[in-house]
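1. Give me coordinates for this.
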Amino acid sequence: MFRTLLATKNEPNMNQYRITYTHDDMPSDYRGNTIKWAHTEKEAIKLILRKNPEKDGTCVFKRGGSGKILTVKKIYQTQE
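-> Numbering: from 1, shown residues only. A predicted model of the protein is given here:
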């Protein structure tokens with residue numbers, strides 16, 4: 001798995017995104033964060049969700065539970 005992560009990170013035009021979200025099973029002030037490598041914001045979000053989020057941001061996570069996507073921010077971009 002580690003080798004796969006390195007190969008993905010070194011691909012040209014890959015971006016690193018920080019996704020901030022709430023989780024319905026946690027206290028109301030909880031804010032989760034995850035960092036994903038992807039080509040686009042949409043692909044990064046798909047890595048943590050079972051299906052696309054609703055228009056208001058509510059979603060169902062791959063690992064179970066539901067919540068809401070708050071922000072998706074690009075934090076790093078690889079260069080060719």
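
2. CA atoms for contacts and neighbours, from now on please.
-> Will do.

3. Next, Lys55: phi, psi?
-> Backbone dihedrals for Lys55, given as degrees, to the nearest 10, come out at phi -60, psi -30.

4. Near it, how many other residues are there?
-> Neighbours of Lys55 under the rule other CA atoms under 10 Å: 7.

5. Name all residues that make contact with the residue nearest to Met14 when sequence neighbours are not counted.
-> Leaving aside its sequence neighbours, Met14 sits nearest to His39 (CA to CA, 6 or more residues apart in numbering; 4.9 Å). If a contact means CA atoms under 8 Å, 6 or more residues apart in numbering, then His39 has 13-15 as its contacts.

6. Out of the residues you listed, grab the one that's most surrounded.
-> Counting neighbours by other CA under 10 Å, the top entry in these is Asn15, with 20 neighbours.

7. Identify the residues contacting the strand ranked longest in the chain?
-> Looking across the chain with DSSP state E, the single longest strand is strand 66-77. Here strand 66-77 makes contact (CA under 8 Å, 6+ apart) with 13-25, 41, 53, 57-61.

8. Go again with 6 Å.
-> Residues from elsewhere that reach strand 66-77 (CA atoms under 6 Å, 6 or more residues apart in numbering): 15-24, 57-60.

9. Lowest pLDDT pick from these?
-> Ranked by pLDDT, the contacts of strand 66-77 bottom out at Gly57, which has 80.

10. Can you report how many residues neighbour that one?
-> The number of residues packed near Gly57 is 13, by other CA under 10 Å.

11. any idea how far it lies from His39?
-> 21 Å (CA to CA, to the nearest Å).

12. where does the chain dip in pLDDT?
-> Filtered on pLDDT under 70, the chain yields the residue ranges 1-11, 80.

13. hey, where'd the helices end up in it?
-> Ranges of helices in the chain, per DSSP state H, are 2-9, 41-46.

14. Show me which positions of the last one end up buried.
-> Looking back up the chat, that one is helix 41-46. Within helix 41-46, the residues that count as buried by 16 or more other CA atoms under 10 Å are 41, 44-45.

15. with these in mind, which one is nearest to Gln79?
-> Glu41 (17.2 Å; CA to CA).
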